[in-house]
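Engineer: Need a 3D model of the sequence below.
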Amino acid sequence: RKVIKPLSLICNGGEPAQICRTQPEEGPETTILEVYEKALGNVHQYAYIENQYFRYKPLAERLKKTAADYTAAGKLQDLYLFVVTNNPESGHFSSTTHETLDTLGQGELMPLAHRDLKYDQRQLALRERELTARPSSPQRDRDLADVKAQMAKENIDSSRADDLIETDPSKHYNQAAARELEPELIPPKGLKIIVATLVSCKDSGAPVAAKTSTERQTDKAIEEHLGPEQGTAQYKSIYVHSKLLLVDDLFFTLGSANINLRSLQTDSELNIAMPSPKTTRTWRERLWAMHSGKAIQTNKGIFIENISDDYDNWEQVVTDNWRNQKSNLPLKGNLVRFWDVVTPYAKAVD
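Structural biologist: Below you'll find the predicted structure:
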């Protein structure tokens, strides 16, 4: 029997691969999480995450720290983060999704959860002011200490407390839900971020059977009473079930693990991780072209400049589709801005 050694496979054109697991009963083993942490801690140009969930705050903090370290070291080019995921399925998962987004300065992509959280923080600030105005007593001092500790935990200093008290969270939410204002997105220094979901669009402007005289008269009567039909598009969300990470056209990991606490620490999951420029680039070419409707950029001699152009293309697509959705018009590609106006803020169960 011929024995094939791993090194001989690599020398003959093969590529190294690592099987990674989350297995709480053995170790526990969390090598999938370790791979994500190492990959996002060593990214130099871009990271692409396509995942059913995006609700594990430590990975957002890891990426934020990586960008901050590069900036402090004098790196001029930003890191680019592209995320394709789903809206939370229910309020049971809203806090972890919101916290992950908020760590990256994208919290206002969940306006209702953002409003609920700001309302709770506003009540905390008002409580601190009310207790401060009271005469000192043992009970008052204990209550005030508890409130101040909670404010410190949520990074609410005096200036932020003033802003929370002066701002009406409901007014902001109502404007956001009606798309009367753009969400305020402030990514950490050194990072450029797009968080998107996928939507299919059926353009009813496609050829249809000719209408009868009676149907035309009915349409005319409806238009006279209700006005002309506004828009022509029909939208349907595309559910993302992928669990893929691409880094710098050099490395990918793919498998069963979602980006959430359960998959990365407590469930049984299996991924493959490969330092494979050829495969990683193939994934990026096919997925980015399919989602955005545009081929990836290759015109520039410097790789990061092509990634920058791809980022601008994505930004243009989600901006155009934001306007098209507001007017009920057909979409360009399938990328739309992650936008959740229905999920309230609630402590997650995962």
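
Engineer: could you give me the average pLDDT of the lengthiest strand in the chain?
Structural biologist: Counting by DSSP state E, the longest strand found in the chain is strand 191-203. On average, the pLDDT along strand 191-203 is 91.

Engineer: List the buried residues in that strand.
Structural biologist: L191, K192, I193, I194, V195, A196, T197, L198, V199, C201 (16 or more other C-beta atoms under 10 Å). Backbone N, C-alpha and C define where each C-beta goes, glycine included.

Engineer: Next, format the residues you listed as CSV and append distance to E34.
Structural biologist: Formatted as CSV, these follow (distance: C-beta to C-beta, whole Å):
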residue, distance to E34
L191, 22
K192, 26
I193, 24
I194, 26
V195, 24
A196, 27
T197, 28
L198, 29
V199, 34
C201, 40
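
Engineer: any weak-confidence spans in the stretch 101-250 of the chain?
Structural biologist: 203-211, 214-215, 217-232 (pLDDT under 70).

Engineer: which residues does the residue nearest the centre of the chain bridge with?
Structural biologist: Computing the C-alpha centroid of the chain and ranking residues by C-alpha atoms, centre = their mean puts V195 first, at 4.0 Å. In this structure, V195 bridges to V83 when assessed by DSSP bridges.

Engineer: from the buried residues of strand 191-203, which is closest to R122?
Structural biologist: Nearest to R122, judged by C-beta to C-beta, of the buried residues of strand 191-203 is V195 at 25.6 Å.

Engineer: could you list every residue that touches the closest one?
Structural biologist: F54, V83, T85, L101, L104, Q106, L109, R337, F338 (C-beta atoms under 8 Å, 6 or more residues apart in numbering).

Engineer: Surely the fifth one is in contact with L81?
Structural biologist: Looking back up the chat, that one is L104. Yes - taking contacts as C-beta atoms under 8 Å, L104 lies within contact range of L81: 7.3 Å.

Engineer: Touching both of the two, which residues are there?
Structural biologist: Common neighbours of L104 and L81 (C-beta under 8 Å, 6+ apart) are L63, L191, I193.

Engineer: ok, the second one to E25 distance?
Structural biologist: Meaning L191. The gap separating L191 from E25 is 37 Å, by C-beta to C-beta, to the nearest Å.

Engineer: Over to the first one?
Structural biologist: Distance of L63 to E25, computed by C-beta to C-beta: 30 Å.

Engineer: Over to the last one?
Structural biologist: Plainly put, I193 is 36 Å away from E25 if you go by C-beta to C-beta.

Engineer: again, but for E154
Structural biologist: According to C-beta to C-beta, E154 and E25 sit 36 Å apart.

Engineer: Also L164?
Structural biologist: Distance of L164 to E25, computed by C-beta to C-beta: 45 Å.

Engineer: More neighbours: which of those two?
Structural biologist: Neighbour totals were compared for L164 and E25, and L164 leads with 20 against 7 (other C-beta atoms under 10 Å).

Engineer: if I pick the more buried one, what's in contact with it?
Structural biologist: Shown in contact with L164 (C-beta under 8 Å, 6+ apart): K118, Q121, R122, A125, I156.
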